[in-house]
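[1] next comes the sequence, and after it the predicted model I'd like to discuss.
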Number of protein chains: 2
Amino acid sequence: MSDKKRLILNLFEMNCVSHITHGLWRLPGNNRDRFNDIEYWIRLARLLEDGGFDAVFLADVIGTYDTFRGSADTSIREGLQIPNNDPVLVVPAMAAVTEHLGFGITFSTTYEPPFAWARRLSTLDHLTKGRVGWNIVTSYLPNAARNFGLDGEVDHDTRFAKADEYLDVLYKLWEGSWDEDAIVEDRERNVFADPEKIHPIFHEGDWFKVEGPHLTSPSRQRTPVLFTATASAAGTTFAGKHAEVVFTGGPTTEFLQRTIAGIRQAAVDAGRRADDVRFVTTAGVVVGRTEEEAAAKVAEFQRLSSPEGYLAHAGLNWDPYAYPPETLLGDVPGDKDSRWRVSDPDKTVGEFLAGFGDITRHPLFVSGTPEQVADRIERWLDDVGIDGINLLQYHSYATAEDFIELVVPVLRARGRLRTSYDKGESLRQRIFGAGDRLPDRHYGTRYRGGANLPERGKGLE
Amino acid sequence: MSDKKRLILNLFEMNCVSHITHGLWRLPGNNRDRFNDIEYWIRLARLLEDGGFDAVFLADVIGTYDTFRGSADTSIREGLQIPNNDPVLVVPAMAAVTEHLGFGITFSTTYEPPFAWARRLSTLDHLTKGRVGWNIVTSYLPNAARNFGLDGEVDHDTRFAKADEYLDVLYKLWEGSWDEDAIVEDRERNVFADPEKIHPIFHEGDWFKVEGPHLTSPSRQRTPVLFTATASAAGTTFAGKHAEVVFTGGPTTEFLQRTIAGIRQAAVDAGRRADDVRFVTTAGVVVGRTEEEAAAKVAEFQRLSSPEGYLAHAGLNWDPYAYPPETLLGDVPGDKDSRWRVSDPDKTVGEFLAGFGDITRHPLFVSGTPEQVADRIERWLDDVGIDGINLLQYHSYATAEDFIELVVPVLRARGRLRTSYDKGESLRQRIFGAGDRLPDRHYGTRYRGGANLPERGKGLE
């Protein structure tokens, strides 16, 4: 049992109505419209911790999807990630009522200053006693850029170059700025901390200029567990250098396998070990006590699923409903670079449309009995090579409740899921079975003890 | 009883060891060194709510005090606001365990983008069901500027001009972007919100360019209760236009009275009513069952109080310990603009030093029996003209516990403090006894219903 790969089990969440299963907010009893309410998050956190989930993974966007039909109208009607709230702020509420649950938090390196984010994450790592991870993204919505003073989206490679420097600033603050023994707490001498052991960072780069020192004392993990979500070339290099967990996906399991192999190689190229990186992917699971019960749920989800929501979410810049279904993609007028037409010009509009809103077409989807679901999850772990899943929610809280009631016991019986939490472990300990901190071979550790920082007074001035 | 002015009672807090009573973190049983721990904040919130406090007021800085003796060494030794953590993030934890307690949160308009802050505060207003206020500051520490990419401090008037535009962006997002009836939740038609009732803001000013729409749906208060903390000329105009509660102070009660009169006049000049602004000031209260018990506490606080901490906090750019105590301030070499020497050149260094670390020299300080304390608080309300206090903490949690046990009952018996919370009230309702939202005569309301925003499509593009 002990040499079987164990599943990292996260719930995929977002602080909004319709995250990624569009139309399903309308399911009877679905609590998605309660996301403004702190009680929604408190109940969710307790449910997941009682059920043995490793973490809740919180997505985020800071703009609207406004390409489809030339406006945000479809997104707004669908509740498609608008309205949305800041994901960071529900974490302390969930932390207040849990002891073990981890938190993966999405935040973009493109628009906000690194000094403030470093302090926020350190604060969260303190408040959660080492249970936070950061899903590093660079933002892709043009409207997000226009919400933060730019005229349009920053190009992909520039965003990753900026993210790379952003991380450098954060490592200096998290790993380098405070020595391990900086806090003295000598009441007799009135010395709380030792100035000799706290270092300004004097960072000055292409994008950022940050003096420091870090304002927050070292938290349990110092650097929170680093997640990235990408599969591009720039993203692969970035992940090889920085990522501890990659949240990845793709149209097929073969694509997934290539991504995993590529990033493991990039990690090795960066002086790390291939298994220093774990891979988590979105998965759809519809489970019933019988095949019929599962099939009935799938049918209900399909009936309420909204293809238009998926089209708007995909950022489609043309309207397939404006053409007869037999029209070939190659014959649709307009932008000739559209990736849909280029990749498959002989597909009809009708065939193209059929892929939107069909929840069963997801490459990691399974429905059936608990045993059938567990069988498939074992194949994902062993054959596809993933390490964990971000469980898609069709219904909140029924998706998680069903998984906990029906699938968790089977996975535990098969040695695929831990049977209890290790008391007091950090998120990094849980995922890697090692220490609280970044392993020595990770790039971010080069600043430890103030190494590789300019000397005091020889920095920015 | 009913026409007596009632006290707004806040606890003054900061997410750090030594906020404003330097040296006292060493008091036996003081919990200040537990600020990293979520349990510290949970217990504090429950204590304050059980004790009838209106709000906890959270200070913040985003840099170090590094002027005194030319470095941050004194600040670091004293635990003087370093280490510190983000104040925003303890609010959801406290909100998770309370129903009534309000939260005043300090945040600066100088370094971070308004779009992100607008969403954070809206999220907090949702999570707290309308219990948040924002203490608008513009940051004065040069190190803070250097942490956010600048070479040094932005000058005072420029900071306020930027803050004024920052507020404009926020009113557009909070008050103007979403109509009151924008959320439809029509499950049959799959319409969560109505696109016609959600407006981009197309803001373009000297400092900020923000398209919108606001990502968060209208929260209970929309605009949280607006606090400012200032007494300068630019600050007075700003407060007259924006502030609902001014957190103010000064060397004497006469200075305070002039500040209050000036800001009330500035409010009238801005088309508001003089009593649209409430005034809260820091107050030190040491209470005992007897005068002797109170005096013994004062003596212990004075013994542990650290003058050097106060000197570093004041940003002194010379070292008074380097001179014989009889030296006249006017004879101290160095910067001739130093406000201490200019205001009192014939004072000796010894006299000057005596003002630092003496907790009884605070203009609103009282020690004694519960009745003596209540008498003084009534004079502050009626004669000085303040509306409330931010209670200084000498000891966490004893300062609040003593106040709750000994002073609160007396103030309640005298009709100076409410005897219970009104169930479900927002912070703005509690302070003003009126509605959840900004009053119509406040500047920020001009954007309601999308008024005074550029038409769709006629904005930034």
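    That came through fine. Note that the structure is a prediction, hence the values are computed from the model and not measured.
[2] ok, the residue in the stretch 1-150 of chain A that chain B sits nearest to - contacts?
    For the stretch 1-150 of chain A, the residue closest to chain B is residue A:79, as judged by Cβ to the nearest Cβ, at 3.2 Å. Where you see a C-beta, it was placed from the backbone N, CA and C, and this is true even at glycine. By Cβ atoms under 8 Å, 6 or more residues apart in numbering or on different chains, the contact set of residue A:79 is A:16-18, A:25, A:32-33, B:192-193.
[3] you'd agree residue A:147 is up against residue B:209?
    No. Counting by Cβ atoms under 8 Å, residue A:147 does not reach residue B:209; the two are 9.2 Å apart.
[4] who has more neighbours out of these two?
    Each of residue A:147 and residue B:209 has its neighbours counted (other Cβ atoms under 10 Å in any protein chain shown); residue A:147 has more, 31 against 18.
[5] tell me which residue lies nearest the centroid of chain A.
    residue A:135 (4.6 Å; Cα atoms, centre = their mean).
[6] other SSEs contacting the one helix or strand it maps to?
    Taking DSSP states H and E as the definition, residue A:135 sits inside strand A:132-137. Contact partners of strand A:132-137 among helices and strands, from 3 or more Cβ pairs under 8 Å, 6 or more residues apart in numbering or on different chains; DSSP states H and E: strand A:55-59, strand A:102-108, helix A:114-127, strand A:225-228.
[7] packing partners for the helix or strand that it is followed by?
    As assigned by DSSP H and E, the chain's next helix or strand after strand A:132-137 is helix A:142-147. Judged by 3+ Cβ pairs under 8 Å, 6+ apart, helix A:142-147 is in contact with strand B:209-210.
[8] can the strand it packs on be said to contact chain A?
    Yes. Against chain A, strand B:209-210 shows contacts by Cβ under 8 Å from any Cβ of the partner chain at B:209-210.
[9] so what touches that strand?
    Taking Cβ under 8 Å, 6+ apart as the rule, strand B:209-210 contacts A:146-150, B:114-115, B:169, B:172-173, B:201, B:203, B:460.
[10] can you do 6 Å?
    A:147, A:149, B:115, B:169, B:203 (Cβ atoms under 6 Å, 6 or more residues apart in numbering or on different chains).
[11] in its sheet, what does that strand sit against?
    Applying DSSP bridges, strand B:209-210 is found paired with strand B:203-204 (antiparallel).
[12] for the partner strand, the averaged confidence score.
    Per-residue pLDDT over strand B:203-204 has a mean of 96.
[13] distance from the chain centre to it, please.
    28 Å (Cα atoms, centre = their mean, to the nearest Å).
[14] pull the most distant pair out of the contacts of residue A:79.
    A:32 and B:193 (13.2 Å; Cβ to Cβ).
[15] close to chain B: what parts of the stretch 301-450 of chain A are there?
    When proximity is defined by Cβ under 6 Å from any Cβ of the partner chain, the stretch 301-450 of chain A lies next to chain B at residue A:306.
[16] neighbour count: residue A:32 and residue B:193, which is higher?
    With other Cβ under 10 Å as the criterion, residue A:32 and residue B:193 differ in neighbour count, and residue B:193 comes out ahead with 26 against 22.
[17] tell me how far the nearest residue in space to residue A:300 that is not next to it in sequence lies from residue A:303.
    Excluding the flanking residues, the one nearest residue A:300 by Cβ to Cβ, 6 or more residues apart in numbering or on different chains is residue A:27, at 7.2 Å. From residue A:27 across to residue A:303, the span is 10 Å (Cβ to Cβ, to the nearest Å).
[18] strands along chain A, start to end?
    A:8-14, A:55-59, A:102-108, A:132-137, A:183-186, A:191-193, A:203-204, A:209-210, A:225-228, A:245-248, A:278-287, A:365-368, A:388-391 (DSSP state E).
[19] so which bits of the stretch 51-200 of chain A are right by chain B?
    Within reach of chain B by Cβ under 6 Å from any Cβ, the stretch 51-200 of chain A has these residues: A:73, A:76-77, A:79, A:82-86, A:89, A:92-93, A:95-96, A:112-113, A:115-116, A:119-120, A:123, A:126-127, A:146-149, A:187, A:190-193, A:195, A:198.
[20] looking at it, residue A:404 is touching residue A:51, isn't it?
    Yes. With contact defined as Cβ atoms under 6 Å, residue A:404 counts as touching residue A:51 (3.3 Å).
[21] in the stretch 251-400 of chain A, what residue is nearest chain B?
    Closest approach between the stretch 251-400 of chain A and chain B, counting by Cβ to the nearest Cβ: residue A:306, at 5.7 Å.
[22] in this structure that residue contacts residue A:23, no?
    Yes. Proximity of residue A:306 to residue A:23 meets the contact threshold set by Cβ under 6 Å, at 3.1 Å.
[23] overlap in contacts, those two.
    residue B:190.
[24] ok, back up a step: my read: the residue nearest to residue A:300 touches residue A:395, true?
    Yes. The pair residue A:27 / residue A:395 is scored as a contact, 5.0 Å apart, by Cβ under 6 Å.
[25] where does the stretch 351-461 of chain A dip in pLDDT?
    A:456-461 (pLDDT under 70).
[26] kindly recompute the last result at 50.
    Low-confidence segments of the stretch 351-461 of chain A (pLDDT under 50): A:458-461.
[27] mind listing the helices for it?
    For the stretch 351-461 of chain A, applying DSSP state H, counting those that start in this stretch gives helices covering A:370-379, A:398-402, A:408-413, A:427-432.
[28] dump the ones you listed to JSON lines, plus mean neighbour count.
    What follows is those, written out as JSON lines (neighbours: other Cβ atoms under 10 Å in any protein chain shown):
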{"stretch": "helix A:370-379", "mean neighbour count": "18"}
{"stretch": "helix A:398-402", "mean neighbour count": "19"}
{"stretch": "helix A:408-413", "mean neighbour count": "18"}
{"stretch": "helix A:427-432", "mean neighbour count": "22"}
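[29] could the ones you listed be laid out in JSON lines, adding distance to residue A:251?
    Output for the helices of the stretch 351-461 of chain A, formatted as JSON lines (distance: least, Cβ to Cβ, whole Å):
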{"stretch": "helix A:370-379", "distance to residue A:251": "18"}
{"stretch": "helix A:398-402", "distance to residue A:251": "23"}
{"stretch": "helix A:408-413", "distance to residue A:251": "26"}
{"stretch": "helix A:427-432", "distance to residue A:251": "27"}
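[30] residue contacts, residue A:59?
    Taking Cβ under 6 Å, 6+ apart, we find residue A:59 in contact with A:14, A:106.
[31] let me fix that, I meant to ask about residue A:207.
    The neighbourhood of residue A:207, defined by Cβ under 6 Å, 6+ apart, consists of A:162, A:165.
[32] find the nearest non-adjacent residue to residue A:146, please.
    residue B:211 (3.9 Å).
[33] burial of that neighbour, as a residue count?
    If we define neighbours as other Cβ under 10 Å, then residue B:211 has 26 of them.
[34] likewise for residue A:196?
    By other Cβ under 10 Å, neighbour count at residue A:196 equals 12.
[35] equivalent analysis for residue A:418, please.
    Around residue A:418 there are 15 other residues, counting by other Cβ under 10 Å.
[36] any weak-confidence spans in chain A?
    By pLDDT under 50, the low-scoring segments of chain A are A:1, A:458-461.
[37] thinking again about what came up before, now the helices and strands packed on strand A:132-137 in a markdown table, with distance to residue B:348?
    Output for the helices and strands packed on strand A:132-137, formatted as a markdown table (distance: least, Cβ to Cβ, whole Å):
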| stretch | distance to residue B:348 |
| --- | --- |
| strand A:55-59 | 59 |
| strand A:102-108 | 54 |
| helix A:114-127 | 41 |
| strand A:225-228 | 57 |
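[38] how close does residue A:432 get to chain B?
    Residue A:432 sits 24 Å away from chain B, taking Cβ to the nearest Cβ, to the nearest Å as the criterion.
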